[in-house]
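Peer 1: Need coordinates for the following:
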Amino acid sequence: MTTTVTDEQIRTLAATAKPYSLALLQWGPERTMDGADAIELEHQRRMVSLRADGVIAVLCPVASDTVAGVAIMTVPAEDATKIMTEDPCVRAGMMRYEVHPCHGFPGDTLPA
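Peer 2: Purely as a prediction, here's the structure:
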């Protein structure tokens, strides 16, 4: 670490934290079922639409045999759970998910 951070800076940043939900998607047993490509395309269309609507703040597909992706959602965990339950890949058994309440800091972004 090269940057020194004071206790006051930590307290100031913590005071700006806002609630979000973290959705962790993992590949399920039906990942390669017949018709999987079409179902995954509908999943992708839905996730990108939720991103465009501001429901997903950060959408991060993962190149892994076990983890499918991560989404930081701007809605409470209960709403995020409902959204993920209705996902085409989840409904088909291609993915499973976990939703966790979390906090983030306004202005945090991924580098361009």
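Peer 1: Secondary structure class of Cys102, three-state.
Peer 2: strand (DSSP: H, G, I helix; E, B strand; the rest coil).
Peer 1: Was I right to think it contacts Ala71?
Peer 2: No. No contact is recorded between Cys102 and Ala71 when judged using CB atoms under 8 Å, the distance being 11.3 Å. (Glycine included, C-beta is placed from N, CA and C.)
Peer 1: Helices of the chain, start to end?
Peer 2: Ranges of helices within the chain are 7-14, 36-52, 77-85, 88-91, based on DSSP state H.
Peer 1: Using TSV, please lay out these together with distance to Leu25, mean neighbour count and mean pLDDT.
Peer 2: Putting the helices of the chain into TSV (distance: least, CB to CB, whole Å; neighbours: other CB atoms under 10 Å; pLDDT from 0 to 100) gives the following:
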stretch	distance to Leu25	mean neighbour count	mean pLDDT
helix 7-14	29	10	94
helix 36-52	9	14	98
helix 77-85	8	17	98
helix 88-91	8	18	98
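Peer 1: closest to Leu110 out of those helices?
Peer 2: Go through these one by one with CB to CB and the one that ends up closest to Leu110 is helix 36-52, at 12.5 Å.
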